[in-house]
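S.K.: Have a look at this prediction, sequence included:
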Amino acid sequence: MRHIIAIRLQNEAGALTRVAGLFSTRGYNIESLSVAPTEDPTVSRITLVTSGSESVIAQINAQLLKLVDVASVEDMTGGEHLARELMLIKVHASNARLEALTDLVHRAGGRVLAPNPGSFIIELASTEVQISQFIAEVGAFGEVLEVVRSGALGIAHANPKLHAVK
């Protein structure tokens with residue numbers, strides 16, 4: 001099962017390397033990884049997507065909490081949360097298809113960042129499934145030249161399920 005895990009860790013040199021190292025040494029795969037500062041400049045938040053059984057995820061969470069730099073771990077899977085990806089996509093479209101392509105972008109909730117037919121660039125923030133569907137639909141309007149996706153970002157509706165401060 002796919003899990004979105006939020007990790008708060010100290011902004012220290014090597015902290016991200018230790019988290020990634022935990023996954024690689026134990027043979028766990030990271031499907032996506034996003035790191036950014038939080039409201040506290042001494043703390044960063046990692047949003048990590050991985051797959052595994054409940055017991056494997058419980059083991060990952062326990063191992064993460066043992067790392068010196070990790071302040072908290074929250075597995076948002078199964079609880080009420082919002083998850084979104086950001087995607088930028090570059091499409092080569094003919095002038096005749098630009099209006100229809102723009103309509104598709106607006107229906108999907110996206111924005112046109114560069115409306116040039118040779119490199120029509122679109123921004124879309126949505127769920128993983130909706131972004132994948134959008135990519136498939138865009139192919140009907142032109143040639144997809146490049147796709148860049150952020151991976152999942154998630155936030156819980158309520159208080160975190162697991163919050164352990166050392």
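M.R.: All right, it came through fine. What you are looking at is a predicted structure, and each value in this text was computed from that prediction instead of being measured. Numbers count the residues shown, from 1 in each chain.

S.K.: only C-alpha atoms for contact and neighbour calcs from this point on.
M.R.: Fine.

S.K.: Tell me the helix or strand right after the one helix or strand Ala36 maps to.
M.R.: For Ala36, the host element (DSSP states H and E) is strand 32-37. Next in sequence after strand 32-37, counting helices and strands by DSSP H and E, comes strand 43-51.

S.K.: Can you give the distance of that next one from its chain's centre?
M.R.: 9 Å (CA atoms, centre = their mean, to the nearest Å).

S.K.: just checking, Asp103 is part of a helix?
M.R.: Yes. Under DSSP: H, G, I helix; E, B strand; the rest coil, Asp103 falls within a helix.

S.K.: Quick check: can you list the domain ranges of the protein?
M.R.: Domain assignment of the chain by automatic domain parsing yields the ranges 2-78, 82-149.

S.K.: Mean pLDDT added to the ones you listed, as a markdown table?
M.R.: Below are these laid out as a markdown table (pLDDT from 0 to 100):
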| stretch | mean pLDDT |
| --- | --- |
| domain 2-78 | 92 |
| domain 82-149 | 94 |
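
S.K.: How much space separates Arg97 from Gly118?
M.R.: Per CA to CA, to the nearest Å, Arg97 is found 12 Å from Gly118.

S.K.: Overlap of the contact sets of the two?
M.R.: Here Arg97 and Gly118 share no contacting residue, scored by CA atoms under 8 Å, 6 or more residues apart in numbering.

S.K.: can I get the CA coordinates of stretch 144-164 in PDB?
M.R.: Taking Å, rounded to 0.1, in the frame of the first residue of the first chain, the C-alpha atoms of stretch 144-164 are listed here in PDB:
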ATOM      1  CA  VAL A 144       4.100  16.200 -25.000                       C
ATOM      2  CA  LEU A 145       7.700  17.400 -24.900                       C
ATOM      3  CA  GLU A 146       8.400  17.300 -21.200                       C
ATOM      4  CA  VAL A 147       6.700  16.500 -17.900                       C
ATOM      5  CA  VAL A 148       8.000  17.600 -14.500                       C
ATOM      6  CA  ARG A 149       6.100  16.400 -11.300                       C
ATOM      7  CA  SER A 150       6.800  17.300  -7.700                       C
ATOM      8  CA  GLY A 151       5.600  14.100  -6.100                       C
ATOM      9  CA  ALA A 152       3.000  14.200  -3.400                       C
ATOM     10  CA  LEU A 153       2.700  16.800  -0.700                       C
ATOM     11  CA  GLY A 154       0.200  16.100   2.100                       C
ATOM     12  CA  ILE A 155      -1.400  17.700   5.100                       C
ATOM     13  CA  ALA A 156      -3.600  16.200   7.700                       C
ATOM     14  CA  HIS A 157      -7.100  17.700   8.400                       C
ATOM     15  CA  ALA A 158      -6.700  17.300  12.100                       C
ATOM     16  CA  ASN A 159      -3.800  16.900  14.500                       C
ATOM     17  CA  PRO A 160      -1.000  14.500  13.400                       C
ATOM     18  CA  LYS A 161      -1.600  10.900  14.300                       C
ATOM     19  CA  LEU A 162       2.000  10.400  15.400                       C
ATOM     20  CA  HIS A 163       4.000  13.300  16.800                       C
ATOM     21  CA  ALA A 164       7.000  12.400  18.800                       C
END
